[in-house]
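1. one predicted model, sequence on top.
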Amino acid sequence: MMPKQSLRLWIAAGLLLLASIGAALPADLVGQASIIDGDTLEIHGQRIRLWGIDAPESNQLCRGDDSLQYRCGARAANDLAAFIGKRSVVCTPMTFDRYGRMVASCAVGGADLADWLVRQGVALDWPRYSQCHYARAQNEARRTERGMWAGSYVEPWRFRACVAAGRRPAACSDEAP
């Protein structure tokens with residue numbers, strides 16, 4: 001048997017752990033969303049990064065099926081804003097990222113926003129975080145050549161690494177995918 005003092009310490013540690021887990025992630029956020037970019041929104045002043053996907057950066061360029069460049073990051077944000085419209089968004093917190101943003105699964109009218117963005121071809125499944133949760137949606141977008149799949153693009157995570165290495169955004173957008 002465990003001594004009473006050790007048992008009390010284990011119970012106290014367990015209660016402390018449960019309390020910290022409950023405090024770490026707030027309840028669902030519900031409300032009108034402002035779109036920050038293709039995979040980030042804001043509700044009630046809280047920045048929220050959509051879980052499991054990565055959309056092109058605001059200044060990122062892609063090439064369409066006509067080989068002309070277009071602002072694919074701006075398109076992702078604009079398409080997301082149009083899809084949400086004035087409807088209420090429900091976000092279920094999952095974690096926080098290194099920038100302090102809440103990472104959450106968000107939906108509008110029952111539709112998972114991340115799934116919708118990937119299915120439209122304006123964002124990518126990010127297997128590093130999603131464990132391929134949105135792979136089926138991405139395969140559908142690729143097969144039907146929607147959005148970025150109609151032409152060429154650089155994965156957003158590679159684009160950010162290129163810019164961080166000191167290259168101009170336009171040069172990073174033209175790298176081979």
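-> Cool, the structure landed.

2. ok, which stretches of this protein are strands?
-> Here the chain has its strands, by DSSP state E, at 29-31, 34-37, 40-43, 46-50, 53-54, 62-63, 69-70, 89-96, 102-108, 111-112, 124-125.

3. now do the last one: which elements does it pack against?
-> Same thing as strand 124-125. Counting by 3 or more Cβ pairs under 8 Å, 6 or more residues apart in numbering; DSSP states H and E, the packing neighbours recorded for strand 124-125 are strand 53-54, helix 135-143. Using the backbone N, CA and C atoms, a C-beta is placed for each residue, glycine as well.

4. which residues touch the residue nearest in space to the middle of the chain?
-> By Cα atoms, centre = their mean, the chain has its centre lying nearest to residue 50, at 3.0 Å. Contacts for residue 50 (Cβ atoms under 8 Å, 6 or more residues apart in numbering) come out as 39-41, 103-106, 113-114, 117, 123.

5. tally of neighbours for the nearest residue to residue 71 once chain neighbours are set aside?
-> Leaving aside its sequence neighbours, residue 71 sits nearest to residue 61 (Cβ to Cβ, 6 or more residues apart in numbering; 6.2 Å). Neighbours of residue 61 under the rule other Cβ atoms under 10 Å: 21.

6. quick check: residue 61 touching residue 75?
-> No: assessed by Cβ atoms under 8 Å, residue 61 is found out of contact with residue 75, at 10.5 Å.

7. in this protein, which helix or strand is least confident?
-> One helix or strand of the chain scores below all others by mean pLDDT, DSSP states H and E: helix 4-24, with a mean of 44.

8. count of residues packed around the residue nearest to residue 60 when sequence neighbours are not counted?
-> In space, and not counting its chain neighbours, residue 60 is closest to residue 73: 4.3 Å by Cβ to Cβ, 6+ apart. Residues near residue 73, counting by other Cβ under 10 Å, number 24.

9. quick one: residue 73 and residue 59 touch, right?
-> Yes: counting by Cβ under 8 Å, residue 59 is a contact partner of residue 73 at 6.4 Å.
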